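> A structural model of the following input is requested.
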Amino acid sequence: MRQAAMVLVVASCLSVFSSAQTAEELVHKNIQAKGGLEKIKSAKTRLTVGKIKGGGRRRATVATFKQMNMRPDLVRQNLSMQGMTAVQAYDGSAGWQTQPFRGHKDPELMGEDNVRDLLLAADFDGPLVDYAEKGNQIEYLGHAEVDGDDALRLRVTLKNGDIVYYYLDPDTYLEIRKEIQQFVRGSVRELVVDLGSYKPVDGVMYPFSVSEGPRSNPGAQVTTIEKIAVNVPFQDSDFALPASLRTEEKNPGWSGCTDLLH
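Numbers count the residues shown, from 1 in each chain. Take a look at the predicted model:
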């Protein structure tokens, strides 16, 4: 009996170790497939420009999209349409936005729950790179299907408790899908993101096609990337809170939607 129990304990420990080792191995392969850690970290800033189409076939809207990233965790997203530009930005400690499409032309602070999408965008290298240092946990969940094709499934539990499921192509080890689960005040927000059309930029592979939406309509919003450039000269002021918000920073009471199109 004791011997059988010991065998079970050892087998269980080996299984956990093997799973963790496999997850770490897949993360390493993913990083190598993108160009390697040295190349990835050589980019200090990144500019992404493209077009976003959303709203369905009958009432489709097309907008110009620009995202600016700067290490360690600064991000600004501009969405321009019909002569107006909506802005969402994170300066490393607080998120703010202007939403002229909803009649909010003045800058407003974003509440903690609504800044979560922006925090993911602010993670310059994504949750897989330096995952342990960021407080993220990874687990390999085995094989899964994405639109009939085989994929390797990773679960990444972020430091804040949200979960990102990564689906890696078994041949290239690049992400082909992400499923994001955000836990907000007892409810779950889910987002499905499909990635494709990878191209190299300064030795690093980036997806140039991104479609995303809720699980019930995963292709609700399609982004076609036209240009990605790295080490563009940005300034801290490009991301900083507008002067009108600096006195409100310690009391972010406003709450709004983080989706720029809906």
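
> which outside residues touch stretch 115-132?
27, 30-31, 37, 40-41, 43, 46, 67, 69-75, 77, 88-90, 95, 110, 134, 136-138, 154, 156, 158, 160, 162, 164, 166, 180, 182, 184, 191, 258-259 (C-beta atoms under 8 Å, 6 or more residues apart in numbering). No exception for glycine: its C-beta is placed from N, CA and C like everyone else's.

> got it, and stretch 179-186?
For stretch 179-186, contacts defined as C-beta under 8 Å, 6+ apart pick out 113, 116-117, 120, 161-165, 167, 188-193, 215.

> which parts of that stretch are buried?
Judged by neighbour count (16 or more other C-beta atoms under 10 Å), stretch 179-186 contains these buried residues: Glu179, Ile180, Gln181, Gln182.

> so which of these is the closest to Gln221?
Ranked by distance to Gln221 (C-beta to C-beta), the buried residues of stretch 179-186 are led by Ile180 at 13.6 Å.

> host element of that closest one?
Assigned by DSSP states H and E, Ile180 belongs to strand 175-184.

> list the contacts of the helix or strand just after that strand.
Later in the chain than strand 175-184, the nearest helix or strand by DSSP H and E is strand 187-201. Identification of contacts with strand 187-201 by C-beta under 8 Å, 6+ apart yields 35, 117, 172, 174-183, 205-215, 218-219, 225, 228-230.

> now those residues: which count as buried?
35, 117, 174-182, 205-208, 210-213, 218, 225, 228, 230.

> sec struct for Asp117, please.
What DSSP: H, G, I helix; E, B strand; the rest coil gives for Asp117 is helix.

> what does Pro233 give?
Here Pro233 is recorded as coil under three-state DSSP.

> so what's it up against?
Thr45.

> ok, now the one 5 residues further on?
With contacts defined as C-beta under 8 Å, 6+ apart, Asp238 is in contact with Met68, Met70, Leu74, Arg76.

> in helices only, show me the residues you listed.
Per DSSP state H, helices hold no members of the contacts of Asp238.

> just send the residues you listed back as JSON lines, with neighbour count and pLDDT too.
Conversion of the contacts of Asp238 to JSON lines gives the following (neighbours: other C-beta atoms under 10 Å; pLDDT from 0 to 100):
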{"residue": "Met68", "neighbour count": "19", "pLDDT": "98"}
{"residue": "Met70", "neighbour count": "21", "pLDDT": "98"}
{"residue": "Leu74", "neighbour count": "20", "pLDDT": "98"}
{"residue": "Arg76", "neighbour count": "22", "pLDDT": "98"}
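
> can you redo these as a markdown table with distance to Gly50?
Compiled in a markdown table, the contacts of Asp238 are given as follows (distance: C-beta to C-beta, whole Å):
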| residue | distance to Gly50 |
| --- | --- |
| Met68 | 13 |
| Met70 | 19 |
| Leu74 | 20 |
| Arg76 | 15 |
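
> for the stretch 51-200 of the chain, which segments are assigned as strands?
61-70, 74-81, 84-90, 95-99, 104-109, 137-146, 149-157, 163-168, 175-184, 187-201 (DSSP state E, counting those that start in this stretch).
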